[in-house]
Every structure is written in structure tokens, then in C-alpha cells.
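Asker: Please find the sequence and the predicted model below.
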Protein chains: 2
Amino acid sequence: MTKKHDQSLSLSRRSLLGGATALGAASVLNSASAGEVNPDNLPPNVPEWTPYLGEGVDANPYGLPSEFESHVVRRNVEWLTASAESSVNFTPLHELDGIVTPNGLCFERHHGGVPEVNPTDFRLMINGLVDRQLIFTLDDLRRFPQTNRFYFLECAANGGMEWRGAQLNGCQYTFGMVHNVQYTGVRLSDICREVGVKPSAKWVLAEGGDSAGMTRSIPIEKILDDCMVAYAMNGEALRPEQGYPARLVVPGWEGNMWVKWLRRLEFGDMPYMAREETSKYTDLMKDGNARMFTWVMDAKSVVTSPCPEKAINNRGVQLLKGIAWSGRGKIKRVDVSLDAGRNWQTAELHGPVLEKSLARFTMPFEWNGEEMLIQSRAIDETGYIQPTIQALQAERGVNSIYHNNAIATWMVNKDGSVDNVRLG
Amino acid sequence: MTKKHDQSLSLSRRSLLGGATALGAASVLNSASAGEVNPDNLPPNVPEWTPYLGEGVDANPYGLPSEFESHVVRRNVEWLTASAESSVNFTPLHELDGIVTPNGLCFERHHGGVPEVNPTDFRLMINGLVDRQLIFTLDDLRRFPQTNRFYFLECAANGGMEWRGAQLNGCQYTFGMVHNVQYTGVRLSDICREVGVKPSAKWVLAEGGDSAGMTRSIPIEKILDDCMVAYAMNGEALRPEQGYPARLVVPGWEGNMWVKWLRRLEFGDMPYMAREETSKYTDLMKDGNARMFTWVMDAKSVVTSPCPEKAINNRGVQLLKGIAWSGRGKIKRVDVSLDAGRNWQTAELHGPVLEKSLARFTMPFEWNGEEMLIQSRAIDETGYIQPTIQALQAERGVNSIYHNNAIATWMVNKDGSVDNVRLG
């Protein structure tokens, strides 16, 4: 895999009056692919863009990013993408800030294409062990009481290629199957009240309207706790690849259960043992047995800058950035090590720090050209500490592709480039 | 102005077993422009989209909304838009949920076009009453300690057409110059520490790199309190029309001060009396004098559904939705009246409720075909209550176009259509 150094920026800094520089020694060091600075655009000159009116925004009633940001896109890995029918792409975490993932950059995995559901014809059917089997239109769902919550969504296979070693030299590819948006929709508990769930109902089968007929079983306790049927993300309608016009939201649990293009919820008295919870989304252990129903995504974190796609291109003070999340509640603390876990410092968390939602952390550090081994570890409010890969392997071996929440290591080389490495 | 009933949805609801309906009596009432329901797509049939794989998402590395949502766009008002050089568009608030405004739908006002600033050549110059006059690159700004905060941005002229009566029959046009995103950037207090602000510095001139050379004076207390230089919004780089690559964020204060394409901050000992704070962005009072430096946006709210663009198209239980905000802190409460302010009910606030950030509120209500006069009023944590237009007019007359935070009234007609009306 080619390492990317997209559009690094010039680092020259000149004081107007003296030789003062801020934030430590700022050397001039452009990476090879950085654009050349045009001195005519620098102060005190009037830059070339100032007299130019630019494109009228009226031409873009739905706005798009700057052309200078065209490298900030979802990407896929050719050998991982089996076919157009069953594909996956990755969020460019290394280019993002804050806790909101823009809808256009939310990673997406589908098992049977992306159906174009006509919202007028959309129906959600509720059947099985309920008093009133009902069919809801989208407008019906919008008339229910509403809930608005930020949640992360992570694919169970995020980092699945890394069980046996450091294989993919990038933050986007090893961690990019996670995103975080504010969902708007209906609490399942409200829908349950409406249809009257029978006491014998213990499980719910969620069925998608895609050609894969995606189906998963969810225990009734989770359904009543915090599941929702969402019709909006980050304020606007769900995106087509995220289940437009309605999807299941299963906070803190593996993404595959968040059934998209939701068409049916069936209440039953046992799990349905669907393909996606038997042959897939089970964890093959050392002894050949498989763990099933491993739904919760345990606490995890990653340093998103520096990282393989974000080299350090100047000495002095740097801002380390990253994200942390836990399927069991709020992130309580994130520790960062610059020496492969021997010494840890506590990073600053940026709010709002919410339950089952990405938290942003940052930590300033100084780089003077030496090698560094950068790690981060998340601690959630239950006291759970993100484990090492060795601890995970000792328990589960290396056969599974799911639920790898191990601490990763980025190695900073003497030239400032960064590699994904496996220690020990 | 034409009222819009974009893509209303069918409201039929059929139970599978009995005649049960949920949420009160659900009558079948399609608005004229609603799509016809295709019975072949309804349960128990397999809808036409299920066997179809759809367009591969790989074709959209930066994703876009569904084609069925093409009506959810920013719009402008032809007679308000003087020219391409000086234009404005409005956020479709009536189509949105939650507290995040998607970047593509954030309203935008510019006074001299939208410059295309090359991020490699971008410089922020700090001069005037400081110990070290410095010039920062974008990369320099990114190495500073970071802050991540949700803030609303409202144009001082939002609702400015309504001082003399109900003129524009739409929520988008009367309230749509407000948006809410999470900003990432550098605290001005950190930049001040870096340059060493002299004790004599009392004001800061912020200057934009657009052809209007937008300039505003900001008191040093506000600069040190919570202002920031932002380089990201909702996780990704600022959009071009929002000041790419860096803008000023002046939380809770009128949008015009949030200088875009920021190129210079000059520290001085008095206000600069720039055009945009003398001839413009002053409030012409009854007696011919003008209020100046009316920076804070006081508490305000609006019901975004129902509203002129969101008619009620069935009887029974409805979900009223709206947004509230205050430039002085957190929203404490939102009251809703269905009878022109005679009786008030407290709406439910949806979190996170943050300082100087939009808050979402909802309230279920029943509609049985009668006329209604819907209002909302916001109360912020300082105890300030959103005023009536009569109270505002008594104090300030009707000459100003700025700082209209009056309670609006939507009239629900017997056919479910909704109009913007002025009472009394």
C-alpha cells in the first residue's frame, strides 16, 4: 500500500518585526507533495484570490467541500472488496476533527448493494408476538415522540486484518470502519408500547429491504433499553448507503446489527440464528469453537495524527489528536504513550463526552527528530481498559476477524514518516 | 411566494390482523404533490428496490443525499439577493432534525464573493499592539492546542423582513439565517498568549481576505473569553463559503462578526468604526438615532414543523418540532402555545443542550381539523424571555432590519395548510 502525504502545507513562519517564532522552533520543511508557496500571495501582498469573486454559492444549493480538500474521501481496499454487491469503504479519520463525522464521509458496508427505497412506498412492518401487528409509513414514524442522540457505529471487523500483525499501513484502513453522528428517530420502546409486546417475546428479528435480506436477532432487553428506528443523521435524512429512509440504531453494539433499509421487526421467543449471526459475525477461537452473540464493541482508541497518512513534517511542538469510544458507556480517560507503553500521559478530552459516542482527545508533544512509538489506550466509565494485542491473542488466538480493539502502535521514523508496526 | 409541499408522504396505515391504528385516527389524506403509492411495493410484496443492487457507493467517495431529498436545499429570495457579489441563502430548517446543521445546508451570506483561498498560501497576520507581530500558516494554527465546540451562527438580519408585518410565508425565509455546527480550532486567548498582547490593546480588528475586505471591531474581553479561529466544521475543513481555510468564531454574537477567509487580526486601543459597524449592522431607532455595537443575539426560537412549508396532512397526533438558541448561554426552557399565547405548555428539550448552541425541542399535540395559532418562546439561563413583536416595536420602532428575535405565529388553517401571520 502506498503511503499518502496529501497536500501537506508549508511550514514557514516569519515574524513581521523580529525573528520571533511561536510554538518552538519552526523549521521550513515541505514534504515532497506539498504545493509550492507563491510568494506573491504572502503578506503584505494582496493575494490573488482577494479581487476574485469566486463561484456564486447559488450554484450550489447543497454545498460541497473545497476542491483543495478532494483528498478527504472514503476509500476502499481493492483486495478486501469482494464485489459491488458486497463492499466496504473507510472513513478518513486522519483528516477529521471533533466528534461529528460528516455524512458524506461515514464509512459504509453493504452485503447486497444499496437499494433505492422510495420513501412514499416505504413501510415498516411489525409482526410476531405482539397484540397489534401494524405497518407504519415513514410519516407515521415521524409522528412518534422523537429522540436525538449521538452514537458511534463501528463494524465488528474494524481492524480485523490486524489480528496476525500490522498489515495495512494506514489509519484510514485499520480504524476507518467507525463513524459518529447524531441520530433522530423513534425509540423502539415507544413502538413496543404501540404494538403491545407479549410477555413471551424475548427476541426481535430485524430485517432489511436490501437484496441481501440482512437479518439479525436482538434480545428484547436491548430493544427496550436504547434501540431506535432512525430516519435522520446529523440533521438531514439518512444517506442512501446508511439505510435511507430508516435504519435500526443499536447503540454500542456491532454495526452489522444496525439493519439498514429496515422493513420488518418480528417479535419471537428465541434467536433466529440468521446467517449473519452464525456463519458470520462469530469469533473463531483457538480451539476451533466460535464465540457467538458478541455484540458489544469494547473500549477502543486511535491516534489519528500523527499516523501513517499524517507524517510529522517539522520539529518542535506538535498536536497529537485521536478518538476514543466504548460500547459500554462514556469514555472516562485516554492515556497516550510516546515510548511504546512504558510511560503514559493523560490526554485532554473534548466535549461533549457522551454515552456510546466518539470522544475527541488531544495532547501537545515535542518532536526533535527522534524515533517514537506512539500508542493510546481508552478507559471507559466501567473501568475497562483497552487491551494490548498480546492480551487479546492470549484469550482468543488469531483466527477471528472480529472485535479487535487492541492498542495500536504508530512508529515515528527519524524523517518524520510514520508506520503501523507490531511490537513484541 | 409559492408555498411548498415537497414530497409529502402517504399516511395510510393498515394493521395486519385487525383494524388497529396507532397514534390516534390515521386518515388517508395525500397532499396534491405527494407521490402516488405503488401497491406492488407494499407488504407482503417484495418491493421493486429489493432485488436491485443500486449504485455502488464506490462511485461516491464523498457521499451525497438521496435523490428523493433533492428538495432539501438552501434557497435564496430573488428580490433580497442584490447581486452575485453580495448574496445570501437560507437553511431549510423545516426539513432538519437534531442540533447539527449539515455543512452543505448551512446558510451563507457574503459581501464580496467567495474567494478560493489556496491553503498552502494562506497566512494569518497578527499586528498592532502586541509584543511579537507574527504570521501563521494553516499548519501553525493546527499545531496550537485545540478546542471543539458547538455554536450557532445567526445573521443579525435573520427575520429582518418581518419588522413591519408577516411578509415571507415560510420558515426557511424568515428564520433560515441560522445554523449550528461543531467548530474545531484555536482559542484566541492562546494566540494572544503567543503574540503577547500589550495592556493598551482594547479592541481587535478582524479582516477577511474576500474582495469586500470585510472588517469588524471586537472588544478584547470577548476575544479573550471564547473567540476562536476555526479551521474545521462538523469534523471536516471549513466549506469555501464559510471561510475556508479559517474563520473567526464569535460565539453568541451576530454572524457578520465571524469574519471569513480570515487574514489579519490587528490589536488597537479603540474601535475601528469600519463600514460594517457604522453604516451597516446598526439598528435605526424610532427617533432617528441608531443603536451601535448590538452584538449579542438574544434568545429566540421557532417552530419548524408544522410551518408554512410543512402543512399538517392528517388528523390526530402530531409531533411539533422546533429549535431555540441564545447568545447569552444555554436554553433553559421552551414554551409552546397552540392558541396565540393564551396558554403555554413546556416542550421537551433534546440534548445535548449546550451554551450558545441550538437546542432541539419537540411536543406532541392533537389536531382535529380546527384552526390553530402556534407560537414558541425561548427562555435562556439568564432568565431572559423571548419577546413579542409588539414589545420589540414599542422599544425600537420598525426601521431596523437587525436583531428581530420576536415570537412568530404560524396559523394552521382548517385544511391543514399553515401561514405566517401577524397578530394584533
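Answerer: Received it, and whenever you're ready, just let me know what you need.
Asker: can we go C-alpha only for contacts and neighbour counts from here?
Answerer: Fine.
Asker: is chain B contacted by stretch A:313-326?
Answerer: Yes. On the criterion CA under 8 Å from any CA of the partner chain, stretch A:313-326 is in touch with chain B at A:317-319.
Asker: Output that stretch as PDB, nothing but the C-alphas.
Answerer: The C-alpha trace of stretch A:313-326 is given here as PDB (Å, rounded to 0.1, in the frame of the first residue of the first chain):
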ATOM      1  CA  ASN A 313       6.900  17.500   8.800                       C
ATOM      2  CA  ASN A 314       8.600  19.900  11.200                       C
ATOM      3  CA  ARG A 315      10.400  19.700  14.500                       C
ATOM      4  CA  GLY A 316       9.100  21.300  17.700                       C
ATOM      5  CA  VAL A 317       5.700  21.300  19.300                       C
ATOM      6  CA  GLN A 318       3.100  19.100  17.700                       C
ATOM      7  CA  LEU A 319      -0.600  18.500  18.500                       C
ATOM      8  CA  LEU A 320      -1.400  14.800  18.800                       C
ATOM      9  CA  LYS A 321      -5.100  14.000  18.000                       C
ATOM     10  CA  GLY A 322      -7.200  11.000  18.400                       C
ATOM     11  CA  ILE A 323     -10.600   9.500  19.000                       C
ATOM     12  CA  ALA A 324     -11.900   7.000  21.600                       C
ATOM     13  CA  TRP A 325     -15.200   5.200  22.100                       C
ATOM     14  CA  SER A 326     -16.800   2.500  24.200                       C
END
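Asker: For that stretch, the averaged confidence score.
Answerer: On average, the pLDDT along stretch A:313-326 is 96.
Asker: Scan the residues of stretch A:313-326 next to chain B and report the most crowded one.
Answerer: Neighbour tally across those (other CA atoms under 10 Å in any protein chain shown): the maximum, 23 neighbours, falls on residue A:318.
Asker: List the contacts of that one.
Answerer: Residues counted as contacts of residue A:318 (CA atoms under 8 Å, 6 or more residues apart in numbering or on different chains) are A:364-367, B:143-144.
Asker: now the helices for chain A?
Answerer: Counting by DSSP state H, the segments of chain A that form helices are A:138-143, A:171-175, A:188-195, A:220-225, A:275-278, A:389-396.
Asker: Model confidence score at the closest residue to residue A:52 other than its chain neighbours, please.
Answerer: Spatial nearest neighbour of residue A:52, excluding adjacent residues (CA to CA, 6 or more residues apart in numbering or on different chains): residue B:115 at 6.1 Å. Residue B:115 is assigned a predicted lDDT (pLDDT) of 93.
Asker: Thought residue A:47 was touching residue B:115, still the case?
Answerer: No. With contact defined as CA atoms under 8 Å, residue B:115 does not count as touching residue A:47 (10.2 Å).
Asker: For the two, list the residues in contact with both.
Answerer: Contacts common to residue B:115 and residue A:47, judged by CA under 8 Å, 6+ apart, are residue B:209.
Asker: Could you measure from residue A:87 over to chain B?
Answerer: 8 Å (CA to the nearest CA, to the nearest Å).
Asker: residues in contact with that residue?
Answerer: Per CA under 8 Å, 6+ apart, neighbours of residue A:87: A:80-81, A:109-111, A:113.
Asker: Can you get me a residue count around the closest residue to residue A:353 other than its chain neighbours?
Answerer: Excluding the flanking residues, the one nearest residue A:353 by CA to CA, 6+ apart is residue A:359, at 5.6 Å. Residue A:359: 28 surrounding residues under other CA under 10 Å.
Asker: next one: the one 4 residues further on
Answerer: Here the count is done by other CA under 10 Å, and residue A:363 has 18 residues near it.
Asker: For it, which residues are in contact?
Answerer: A:319-321, A:347-348, B:145.
Asker: Repeat that for residue A:308.
Answerer: For residue A:308, the contact set (CA under 8 Å, 6+ apart) comprises A:3-4, A:169-171, A:410, A:417-420.
Asker: What segments of the stretch 151-300 of chain A are strands?
Answerer: A:178-187, A:203-208, A:215-219, A:228-233, A:236-237, A:247-249, A:262-268, A:283-284, A:290-291, A:300-305 (DSSP state E, counting those that start in this stretch).
Asker: how about the residues of stretch A:313-326 next to chain B in TSV, adding distance to residue B:36?
Answerer: Shown next, in TSV, are those (distance: CA to CA, whole Å):
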residue	distance to residue B:36
A:317	61
A:318	58
A:319	55
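Asker: List buried residues within the contacts of residue A:87.
Answerer: Burial by neighbour count, judged by 16 or more other CA atoms under 10 Å in any protein chain shown, picks out A:109-111, A:113 from those.
Asker: Could you single out the nearest of these to residue A:396?
Answerer: Set against residue A:396, the nearest of these by CA to CA is residue A:109 (25.0 Å).
Asker: distance of the closest one from residue A:183?
Answerer: 18 Å (CA to CA, to the nearest Å).
Asker: sorry, back to before: looking at the helices of chain A, which is buried most?
Answerer: helix A:171-175 (a mean of 25; mean count of other CA atoms under 10 Å in any protein chain shown).
Asker: Report the rounded mean pLDDT for it.
Answerer: Averaging pLDDT along helix A:171-175 yields 96.
Asker: go on, stretch A:201-208?
Answerer: Mean predicted lDDT for stretch A:201-208 stands at 98.
Asker: any idea how far it is from the chain center?
Answerer: Counting by CA atoms, centre = their mean, to the nearest Å, stretch A:201-208 is centred 25 Å from the centre of its parent chain.
Asker: So what touches it?
Answerer: Under CA under 8 Å, 6+ apart, the answer for stretch A:201-208 is A:129-130, A:213-221, A:223, A:248, A:259-272.
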